[in-house]
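Engineer: Everything below, folded, please.
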Amino acid sequence: MSNYFPLILLFVALVILFSSFVTVKQGTIAVVTIFGKYRRLLSPGLSLKIPLIEVINSRISIQNRSVELSFQAVTQDQANVYFKAMLLYSVINHDEETIKNVAFKFVDSTNLMQALIRTIEGSIRAYVATQKQANVLAQRNEIVDHVKHQIDQVLESWGYHLQDLQLNDITFDEEIMRSMSRVVASNNLKAAAENEGQALLITKTKGAEADGNAIKIAAAAEREAAQLRGQGIALFRAEVAHGMTKAAQEMEDANLDISVILFTMWTESIKHFAENSSGNVIFLDGSTDGMNKTMKEMMAMQIKDKTK
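Structural biologist: Below you'll find the predicted structure:
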């Protein structure tokens, strides 16, 4: 037995030696206690501790942590609102007092999470209770800002900081959701009807303006055409009068009867009627007496014009 005693001592010494080495993972800080009392902190990496005396009480993560929340709140007008949120939090800093708060403020992480979740839920419920159902959906950012403002001091006393709070889903009771859908649908129909009415009004207005402009253009064209026709008729009459005057003057200079001109005009008129009648029937007195009567009337008109 005495032969094994040195080996036993050597084994115990090796166990004690190796137990004095501690490895702390990156992103965590180890809290060391002696007989249950806080002693010191160990940073990430390889560290030494007093064997059998110093004990690692806890390992505090300094990384960001997240948790999902699902809870219900009641609005001012007694509507149930269901929230689904994501909470992102972390240790404020690496200071010794902060780590001591994190390590010893709560019994374990379960109690910490319970307090954290209930605090946030209570803050959101208190805010939603002052709002009406119709305003909740539009105040997502206001709710987040309110929660951060309310619980930042509380979390700091625990050694934590709220990095972010995201309200991923906000829903109501099924009946309320259906009524909200009907309201949205009716508003869309109303907007569509108003847009269609405005479009129809614009179409009719533009059509009326186009018709009015077309009437104005047509009237201006007709007026210009009538003016040109009148000018043409006046020029035609002037040319006829000038031609007859010149022909009568030449007949007088030749000592011929002017009635020959009237007779020629009469025959030319009959020829023009016949060529351009387009099937219309024109009754003329082609007898000698009829011609004499017509010639006398034309001569009488000529004599009357000269006497004026």
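Engineer: Dump stretch 166-175 to CSV, keeping only the CA atoms.
Structural biologist: Extracted in CSV, the C-alpha atoms of stretch 166-175 (Å, rounded to 0.1, in the frame of the first residue of the first chain):
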residue,chain,number,x,y,z
GLN,A,166,-40.0,44.7,-33.2
LEU,A,167,-43.8,44.3,-33.3
ASN,A,168,-43.9,41.7,-36.1
ASP,A,169,-47.7,41.1,-36.0
ILE,A,170,-50.7,43.0,-34.7
THR,A,171,-54.1,41.3,-35.1
PHE,A,172,-57.6,41.6,-33.7
ASP,A,173,-60.5,39.3,-33.1
GLU,A,174,-61.9,37.6,-36.2
GLU,A,175,-65.1,39.6,-36.3
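Engineer: What lies in contact with it?
Structural biologist: Residues external to stretch 166-175 that are found in contact with it (CB atoms under 8 Å, 6 or more residues apart in numbering): 79-86, 88, 133, 136-137, 140, 143-144, 177, 180. Where C-beta positions appear, they are placed from N, C-alpha and C, glycine not excepted.
Engineer: mind checking how far stretch 190-208 is from the chain centre?
Structural biologist: Centroid separation for stretch 190-208 versus its chain: 20 Å, with CA atoms, centre = their mean, to the nearest Å.
Engineer: Begin at 12 from now on, thanks
Structural biologist: OK, 12 is where the count begins now, so the last one is stretch 201-219.
Engineer: Any buried residues in it, and which?
Structural biologist: Buried residues in stretch 201-219, counted by 16 or more other CB atoms under 10 Å: none are found.
Engineer: Take it, keep the C-alpha atoms, and write them as CSV.
Structural biologist: Extracted C-alpha coordinates of stretch 201-219, given in CSV (Å, rounded to 0.1, in the frame of the first residue of the first chain):
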residue,chain,number,x,y,z
LYS,A,201,-65.7,54.7,-53.0
ALA,A,202,-62.3,55.8,-54.3
ALA,A,203,-62.8,53.9,-57.5
ALA,A,204,-66.3,55.4,-58.0
GLU,A,205,-64.9,58.9,-57.4
ASN,A,206,-62.0,58.3,-59.9
GLU,A,207,-64.4,56.9,-62.5
GLY,A,208,-66.7,59.9,-62.0
GLN,A,209,-63.8,62.3,-62.4
ALA,A,210,-62.6,60.4,-65.5
LEU,A,211,-66.1,60.5,-67.0
LEU,A,212,-66.5,64.2,-66.2
ILE,A,213,-63.2,65.0,-67.9
THR,A,214,-64.1,62.8,-70.9
LYS,A,215,-67.5,64.5,-71.4
THR,A,216,-65.9,68.0,-70.8
LYS,A,217,-63.2,67.4,-73.3
GLY,A,218,-65.8,66.0,-75.8
ALA,A,219,-68.0,69.0,-75.3
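Engineer: Per the annotation, how does this structure divide into domains?
Structural biologist: The chain breaks down into these structural domains: 16-72, 76-183, 203-266, 268-319 (assignment by automatic domain parsing).
Engineer: Buried only: go through the contacts of stretch 177-186 for me.
Structural biologist: Buried by 16+ other CB under 10 Å: Ala90, Val92, Phe94, Ala96, Gln144, Val147, Ile154, Val155, out of these.
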